[in-house]
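In: sequence-free structure coming up:
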C-alpha cells in the first residue's frame, strides 16, 4: 500500500513502449502515470507543485480519501485534487478554476490521505493529482521536459518482486528502468 503496487517501474523523459507495457500486463494489473514539477497559478498567485497524473486504475492498492472524508479515484479530465499546501499557496477553494501550463483545471477536492504518497520521494511543492492526459494537454511533455513515467503492478499470484525485477532488466537491458 505504501508503494501503490507490488512493483514500480520508472523511466525518465518518455512513456513505456508498447512491448514494455505488455510485459508488465503479463504480470498482473498495471496503473501508470506521469510525475513532474510544474507551476500552478490562480489570479496573481503562483506556486511550484508536484503534478501527479494518474490513470483510471489508480490506486491499485489503498484508497484516496479527500479532506471531506469521501473516497475518490483519479479525477475526471479538467478536474484536480489538490493537497492543502497547494490550496493555501494558490488561495483557491473547491470549484475555483486555476491554471497549469496551457490549460485550466477545476479544484474538485482537497487531498486528505494519498495512499502511495511515501513512495513518491522528494517533492519541491505540494501535490496536485490530475487525469493521465493532463500533462500533455497542458503542453508540459515537450522534448526536453523533465518528467517520469511511473507504472505500478499488482501481481497475479505469488511473485517475488526481486525475481520480476531481474527478469525485466534481462528482457529490457537498455530501457533505463528504475
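Out: Nice, thanks for sending it over. Small disclaimer: the values here were computed from a predicted structure and weren't measured. Residues are numbered from 1 along each chain as shown.
In: residues in contact with residue 54?
Out: 31, 33, 74, 129-132 (Cβ atoms under 8 Å, 6 or more residues apart in numbering). Every residue, glycine included, has its C-beta placed from N, CA and C.
In: For it, list each beta-bridge partner.
Out: Beta-bridge partners recorded for residue 54 (DSSP bridges): residue 33, residue 131.
In: Tell me how far it lies from residue 19.
Out: Distance, residue 54 to residue 19, by Cβ to Cβ, to the nearest Å: 23 Å.
In: now residue 46
Out: 40 Å.
In: ranges for the helices of the chain?
Out: In the chain, the helices defined using DSSP state H lie at 18-25, 84-90, 134-137, 161-171.
In: which of those is buried the deepest?
Out: Highest mean neighbour count among the helices of the chain (mean count of other Cβ atoms under 10 Å): helix 134-137, with a mean of 21.
In: Who are the packing partners of it?
Out: strand 28-42, strand 45-54, strand 103-113 (3 or more Cβ pairs under 8 Å, 6 or more residues apart in numbering; DSSP states H and E).
In: Average pLDDT for that helix, rounded please.
Out: Averaged across helix 134-137, the pLDDT comes to 97.
In: pLDDT weak spots in this protein?
Out: For the chain, applying pLDDT under 70 flags the ranges 117-123.
In: quick revisit: figure out which of the helices of the chain is closest to residue 68.
Out: helix 84-90 (12.4 Å; Cβ to Cβ).
In: For the closest one, what is the distance to the chain centroid?
Out: 18 Å (Cα atoms, centre = their mean, to the nearest Å).
In: Please apply the same query to stretch 159-173.
Out: Its chain's C-alpha centre and that of stretch 159-173 lie 23 Å apart, by Cα atoms, centre = their mean.
In: ok, now stretch 170-178?
Out: On Cα atoms, centre = their mean, the centre of stretch 170-178 falls 21 Å from that of its chain.
In: Contacts for it, please.
Out: The contact list for stretch 170-178 (Cβ under 8 Å, 6+ apart) reads 9-12, 17, 20, 23, 168-169.
In: re earlier: adding distance to residue 178, write the helices and strands packed on helix 134-137 out as TSV.
Out: Shown next, in TSV, are the helices and strands packed on helix 134-137 (distance: least, Cβ to Cβ, whole Å):
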stretch	distance to residue 178
strand 28-42	12
strand 45-54	17
strand 103-113	25
